[in-house]
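# test case, fold it:
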Amino acid sequence: MGKTTTDVGVINYALYENNTEYVGITQADLPSLEFITSTITGAGIAGELEVALLGQMKAMSMTLKHTMLTSNAINLSTPETHTWELREVQQSIENTGTLKITGVKHVIKATPKSMGGGTLKPQSTSDPETAASVQYWAEYRDGKKVMELDPLNNICYINGKDYLETVRKALGK
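Numbering: from 1, shown residues only. Here you go, the predicted structure:
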């Protein structure tokens, strides 16, 4: 029987911008990758067929959820392009019983598009949110790049393959 690994969960994470750690961010909802599709129909096709266009991504967004509306939360919501590093520690367990720890770093360039002030009530957090439009998202696992999504520079790199390399070459880039 070979070695198998079971994912357990995220031990913890930290959010950084310009080497400053932002403590108190309760949750980060990472972007979703969704490809643009084209629906084709015509002779020889029984109905319609939806085909993903190679490396063409729909707009990505993310949300930072804060504990309270603080100066840090407001700073993360300023209307400018931010470069955020979300450093996460994941835990898994191998079928041998050995625990495995993986360091994951998300590098995200984003521009805030809204800031919710949250809800005020006694003896509770106010839970404001910052929603941002994402222009760039890269992921590193134990220091190795596994994903880079950069629509502005025609890069769609996933697990060692740049799916838009031939497109850039054809465009003379």
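
# which residue ranges of the chain form helices?
Secondary structure of the chain (DSSP state H): helices at 71-75, 165-170.

# highest average neighbour count across the ones you listed?
helix 71-75 (a mean of 15; mean count of other Cβ atoms under 10 Å). Any C-beta I mention is one placed from the backbone N, CA and C, and that applies to glycine too.

# can you tell me what sits against that helix?
The contact list for helix 71-75, computed with Cβ atoms under 8 Å, 6 or more residues apart in numbering, reads 22-24, 64, 66, 115, 128, 130.

# same question for stretch 145-159.
The contact list for stretch 145-159, computed with Cβ under 8 Å, 6+ apart, reads 33, 54-55, 57, 60, 135-140, 160, 162-164, 167-168, 171, 173.

# about what we covered before: next, format the helices of the chain as TSV and append mean pLDDT.
TSV is the format used below for these (pLDDT from 0 to 100):
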stretch	mean pLDDT
helix 71-75	91
helix 165-170	96
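
# residues contacting residue 47?
residue 41.

# could you list the low-confidence segments of this protein?
Applying pLDDT under 70 to the chain flags residues 1.

# mind doing that once more with 90?
Flagging of the chain using pLDDT under 90 yields the residue ranges 1-3, 18-20, 22-26, 173.

# strands paired with the longest strand along it, and their directions?
Longest strand in the chain, counting residues (DSSP state E): strand 99-116. Sheet pairing for strand 99-116, assigned by DSSP bridges, gives strand 82-94 (antiparallel), strand 129-141 (antiparallel).

# pick the most buried one from the ones you listed.
strand 129-141 (a mean of 19).

# which outside residues touch that one?
By Cβ under 8 Å, 6+ apart, strand 129-141 touches 30-31, 33, 59-66, 73, 76-77, 81-82, 102-116, 118, 145-152.

# can you check stretch 85-103 too?
Contacts of stretch 85-103 (Cβ under 8 Å, 6+ apart): 1, 3-17, 28, 30, 104-108, 141-143.
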